[in-house]
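1. okay, here's the prediction I keep looking at, along with the sequence it came from:
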Amino acid sequence: MAELLLPYNEKFVLVAPTKLGVRSVGLMVNMTDGYRMEPYVIWSPEASPRNKFETMLRFMHDMRKPPWSRVVLIRAKMIDGPFFERLAAYAVLRPLSKIEDWWGSGEDAPFFQTRLIRGDE
């Protein structure tokens, strides 16, 4: 498993409150140039849909403001598009376009981006 993580230059453990207390619900790895980041998330089998949504909402919000001030770029699978569209409804993401045949075999990828927040909020 460690060899799979080596190409990524940042790793985050995603945590969420559960009935058993605060628990790890996923691992996010990403490539970044210090400004843009393209994350990949591996969810824990115990992560509920609510855990996933709330954790990603908080993470995306935090990445948009100082001290991080990152632009998060997401190329999603079509099946995950509604999840990211729901995040966009909370104004942390905006849909940019659809990339044709991104995943091969004719599957397109909805493309999303966060907006930066200037100053404290």
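-> Received it, and whenever you're ready, just let me know what you need. Residues are numbered from 1 along each chain as shown.
2. bridging residues for the closest residue in space to residue 14 that isn't next to it in sequence?
-> Nearest residue to residue 14 in three dimensions, chain neighbours excluded: residue 26, at 4.1 Å (C-beta to C-beta, 6 or more residues apart in numbering). For the C-beta atoms, the positions are set from N, CA and C on the backbone; glycine is no exception. Here residue 26 sits in beta bridges with residue 14, residue 43, going by DSSP bridges.
3. show me what contacts residue 26?
-> For residue 26, the contacting residues are 13, 14, 41, 42, 43, 44, 47, 52, 55, by C-beta atoms under 8 Å, 6 or more residues apart in numbering.
4. residue 72 now?
-> 36, 37, 38, 39, 60, 63, 64, 93, 113, 114.
5. tell me, how many residues neighbour the residue nearest to it when sequence neighbours are not counted?
-> Closest residue to residue 72 in three dimensions, ignoring its sequence neighbours and counting by C-beta to C-beta, 6+ apart: residue 114, at 4.3 Å. Residue 114 has 22 neighbours, counted by other C-beta atoms under 10 Å.
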